[in-house]
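**Q** sequence and computational prediction follow.
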Amino acid sequence: MKMVEESEKTFDPQEVIEEFEELSKDAGRIQEETLQKILEENGRTEYLQQWSLNGKTDQVSFKNCVPIVTHKDLEPYIHRIADGDLTPILTGKTINTISLSSGTTQGKPKFVPSNEELMESTMQIFKTSFAFRNM
């Protein structure tokens, strides 16, 4: 609740819109930087190590070695995290929340792991959406 209260006190819709528009001017670069950061932070995870990256964290190696997967492919790893395994399985950052999806895909809810950074990103998406809707 504290995070929501802090967000409400500092929320300036115009500032959020301006920041979004500035970042959107060079979206390709931002996407590349974001992927690079993710690869560097997670390059030593169990999941990425199985794809013979051998410590490489560049985008070309990632795209060439790591297949596109579905949630079902990741379920065994997610269940280990849900069961309390704290080793860096899917992410180098600590998973501190596991939510259940709404179950709208194939009718069954799925575990969705998250961490502080994902929560902050989600809040930013909500702020940006709110700012544009109320513009």
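**A** Structure received.

**Q** any idea where the helices of the protein begin and end?
**A** Residue ranges of the helices in the chain, as given by DSSP state H, are 2-10, 13-24, 27-42, 46-49, 59-65, 71-82, 116-133.

**Q** quick check: which of these is nearest to residue 109?
**A** With distances scored as C-beta to C-beta, the stretch of the helices of the chain nearest to residue 109 is helix 71-82 (11.0 Å). C-beta: built from backbone N, CA, C; applies to glycine.

**Q** so for the closest residue in space to residue 32 that isn't next to it in sequence, what's the pLDDT?
**A** Nearest non-adjacent residue to residue 32, counting by C-beta to C-beta, 6 or more residues apart in numbering: residue 59, 6.9 Å away. According to the model's per-residue confidence, residue 59 sits at a pLDDT of 89.

**Q** from what I can see residue 59 touches residue 33, true?
**A** No. With contacts counted by C-beta atoms under 8 Å, residue 59 stays clear of residue 33, the gap being 10.4 Å.

**Q** next, count neighbours for residue 131.
**A** Neighbours of residue 131 under the rule other C-beta atoms under 10 Å: 19.

**Q** now swap in residue 46 and tell me
**A** Quick note: residue 46 (other C-beta under 10 Å) scores 13 neighbours.

**Q** same question, residue 86
**A** Residue 86: 9 surrounding residues under other C-beta under 10 Å.

**Q** what's the closest non-adjacent residue to it?
**A** Spatial nearest neighbour of residue 86, chain neighbours left out: residue 94 (7.5 Å); criterion: C-beta to C-beta, 6+ apart.

**Q** what stretches of this structure score poorly on pLDDT?
**A** 1-9, 105 (pLDDT under 70).

**Q** roughly how far apart are the residue lying farthest from the centre of it and residue 16?
**A** Using C-alpha atoms, centre = their mean, the residue of the chain lying farthest from its centre is residue 135. It sits 27.2 Å away. If you measure residue 135 against residue 16 using C-beta to C-beta, to the nearest Å, the figure is 10 Å.

**Q** list the contacts for the residue nearest the centre of the chain?
**A** Most central residue of the chain, judged by C-alpha distance to the mean C-alpha position with C-alpha atoms, centre = their mean, is residue 118 at 4.8 Å. Applying C-beta atoms under 8 Å, 6 or more residues apart in numbering, we find residue 118 in contact with no residue.
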